[in-house]
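Engineer: When you get a sec, could you give me coordinates for this:
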Amino acid sequence: MKEQIVQLKEKALAAIENAGDVKSLEDVKVAYMGKKGELTAVLKQMGGLSPEERPIIGALANEVRELFETEYNTKIKALTHAEILAKMESKKIDITLPPLNRRKMGSRHPLNIVLDEIKEIFTSMGYTMVYGPEVEETKYVFDLLNTAESHPARDEQDTFYINDKTILRTQTSSVQIRTMLKNKPPIAIISPGRVYRRDEVDATHSPIFHQCEGLVVDKGITFADLKGTLEIFFKRLYDDDNIKLRFRPHNFPYTEPSAEVDLSCFKCGGRGCSFCKNEGWIEMLGCGMVHPQVLLNCGIDPEEYTGFAFGMGIDRITMMRYEIDDLRLMYENDMRFLKQF
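Structural biologist: Numbering: from 1, shown residues only. The predicted model follows:
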């Protein structure tokens, strides 16, 4: 049996050497080392050997098996590498060429660019960002904001109603109410987000647009704090220390006193141009001191605390920043427009 194993070793090593591809080499392994292979068949006869012969034949068989595995592994690595090289040569792929269907990289939307700057400015001033639901109860959007049921803003022609008590929020002021109900002063927040109104789509109106509202409540807050805050904000937003603000008296049910804020035209410096319609001023936002009744509605004592609030349209500010003359451009996803930013 010893001579038979030695002969099998020589035949197996020769077969490994002569194998020209991976499949042929795998066939060699099956032929000699498989369950029905030649070496396996010989080893099955070891039961008929004498106790003296078994250790000798067993050691020889293990030596042959280890040698076979070593030669097989070396050969299969060489053949596999050769096949890879052959495939690469036959296909001749130039991996340095750009793909035919290169995916185009996008860019930040102008609304997001401006919103991120607004957030950065106010957070640097100590404000916290707060978010709330877009499907909202009327009590948070109207009732607690001192807006009576007879107010035009509650008309079905102005607001999207889901049912009598549920609407798509018309302003992010509802977030301010929720914040005051859950937190005691001092409060300093901004609440950016989408809002909805039943407006016809045109160059300056959309049923979906974006707002950012702010609220500060603390002891000793005055209208001077509001003016100073907005002045710092706009000077930083437009990077112009010469910008001036004009406050015009207005009426909002949730603030008293209330004001509309105009910005001196940053294109002509207030002299008058086509951008500001030769007025020298551009209307930007509404603001005012928080109405005492609103504070009471939220469980805050107006004798101890005062506050101010403001609300601005992010879409409008973006249009002013980039001199965009049609609001619809920001929602049509036209790459020719968006790639400019």
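
Engineer: which helix of the chain spans the most residues?
Structural biologist: helix 53-91 (DSSP state H).

Engineer: from the chain's centre, how far out does that helix sit?
Structural biologist: 52 Å (Cα atoms, centre = their mean, to the nearest Å).

Engineer: same check, this time on stretch 187-197
Structural biologist: Chain-centre distance of stretch 187-197: 19 Å, with Cα atoms, centre = their mean.

Engineer: what's the answer for stretch 286-295, then?
Structural biologist: Distance, stretch centre to chain centre, for stretch 286-295: 34 Å (Cα atoms, centre = their mean).

Engineer: Can you give me the buried ones in that stretch?
Structural biologist: Neighbour-count burial for stretch 286-295, counted by 16 or more other Cβ atoms under 10 Å, picks out G286, C287, G288, M289, V290, H291, P292, V294, L295. Where C-beta positions appear, they are placed from N, C-alpha and C, glycine not excepted.

Engineer: Then stretch 267-275?
Structural biologist: Neighbour-count burial for stretch 267-275 flags G270 (criterion: 16+ other Cβ under 10 Å).

Engineer: what about it, start to end distance?
Structural biologist: Using Cα to Cα, to the nearest Å, the end-to-end distance of stretch 267-275 comes to 7 Å.

Engineer: So what touches that stretch?
Structural biologist: Contacts to stretch 267-275, defined as Cβ atoms under 8 Å, 6 or more residues apart in numbering, come from residues N242, K244, S264, C265, C276, N278, E279, G280, W281, I282, E323.

Engineer: Got a quick PyMOL command for the buried subset of these?
Structural biologist: Buried residues within those, by 16+ other Cβ under 10 Å, are selected in PyMOL with:
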select buried, resi 244+264+265+276+280+281+282
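
Engineer: Identify the residue with the minimum pLDDT among the contacts of stretch 267-275.
Structural biologist: Lowest pLDDT of the contacts of stretch 267-275: C276, 76.

Engineer: residue contacts, that residue?
Structural biologist: Per Cβ under 8 Å, 6+ apart, neighbours of C276: C265, K267, C268, I282.

Engineer: Of all pairs in the residues you listed, which one spans the longest distance?
Structural biologist: The largest separation in these, counting by Cβ to Cβ, is between C268 and I282 at 10.3 Å.

Engineer: Return the distance of I113 relative to E120.
Structural biologist: Noted for I113: a distance of 11 Å to E120, by Cβ to Cβ, to the nearest Å.

Engineer: Neighbour count for the two, which is higher?
Structural biologist: More crowded of I113 and E120, by other Cβ atoms under 10 Å: I113, with 15 against 12.

Engineer: tell me the average confidence for stretch 52-61?
Structural biologist: Stretch 52-61 carries an average pLDDT of 72.

Engineer: Could you check how many residues crowd around T123?
Structural biologist: Around T123 there are 12 residues (other Cβ under 10 Å).

Engineer: For the host helix or strand of it, buried residues please.
Structural biologist: Using DSSP states H and E, T123 sits within helix 110-124. Using 16+ other Cβ under 10 Å as the test for burial, helix 110-124 gives P110, L111, V114, L115, I118, I121, F122.

Engineer: Once you drop chain neighbours, what's closest to the second one?
Structural biologist: In this structure, L111 finds its nearest non-sequential neighbour in T318, 5.5 Å apart by Cβ to Cβ, 6 or more residues apart in numbering.

Engineer: Which residues are in contact with that neighbour?
Structural biologist: P110, L111, I113, V114, I324, M330.

Engineer: can you name the two of those that are farthest apart?
Structural biologist: Longest span within these, Cβ to Cβ: I113 and I324, 12.3 Å.

Engineer: buried stuff in stretch 127-137?
Structural biologist: Y127, V130, G132, E136.

Engineer: Next one, pLDDT for the closest residue to the third one other than its chain neighbours please.
Structural biologist: By that I understand G132. By the measure of Cβ to Cβ, 6+ apart, the closest residue to G132 outside its immediate chain neighbours is V175, 3.8 Å from it. pLDDT, V175: 96.
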